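# heads up, no residue letters with this:
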């Protein structure tokens, strides 16, 4: 048997180790693995017509995103991370942060019960049962939060839960800048 053939798996293994180490080094240098760039950043919220979560038949469209800066929070009852962030969203809402909820690929009755039991931080709760608006937004899963300015333009996309740390470091400065711009 040719001894050179025995070294092929070793070389392949070492190449994989180099790739993994390189990726780990990049992430430790400040790259945020939860930040997924969105082709929609800088563009208006896509057109849609969706029903209100609690009031079937009541329709909303993209016009709800114009007039004041706000957060669009994509959530679902099947999402444990959504449960973990919900209390903090209630706190932000109590502090005057405007939030619209997008209930994503969920069961309407479970979602309504969730909000009744855990509190409702949302000015409006949209029901996206088939996930089409989520698809148009490029949502990978829940939770995701979009910061939308007073003109209805997506300014930032955050993947994962909103918590005190990422709110203070990243999301709040962008939100406050949008509020300041809206007053000018």
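Alright, I've got the coordinates. Bear in mind that the values here come from a model prediction, so they are computed numbers and not experimental data.
# so in terms of bridging, what pairs with the residue nearest the centre of the chain?
With distances taken as C-alpha atoms, centre = their mean, residue 144 lies nearest the centre of the chain, 1.4 Å away. Beta-bridge partners recorded for residue 144 (DSSP bridges): residue 74, residue 159.
# ok, now which ones touch it?
73-74, 137, 157-160 (C-beta atoms under 8 Å, 6 or more residues apart in numbering). Glycine gets a C-beta too; all of them are placed from N, C-alpha and C.
# please repeat the previous calculation with a cut-off of 10 Å.
34, 36, 38, 72-75, 82, 102, 104, 134, 137-138, 157-162 (C-beta atoms under 10 Å, 6 or more residues apart in numbering).
# likewise for residue 127?
50-56, 58, 60, 101-104, 106-108, 111-112, 133.
# I'd say residue 177 and residue 150 touch.
No: counting by C-beta atoms under 10 Å, residue 177 sits too far from residue 150 to count as a contact (11.6 Å).
# pull up the overlap in contacts between the two.
residue 69.
# hmm, back to that, now a PyMOL select for only the buried ones of the contacts of residue 144.
Only the buried entries of the contacts of residue 144 go into this PyMOL selection, using 16 or more other C-beta atoms under 10 Å:
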select buried, resi 38+72+73+74+75+82+102+104+134+137+138+157+158+159+160+161+162
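# could you break this structure into its assigned domains?
Domain segmentation of the chain under automatic domain parsing yields 1-31, 49-183.
# tell me which of those sits nearest to residue 43.
Across the domains of the chain, residue 43 has its closest neighbour in domain 49-183 (6.2 Å, C-beta to C-beta).
# chain center to the closest one, what's the gap?
8 Å (C-alpha atoms, centre = their mean, to the nearest Å).
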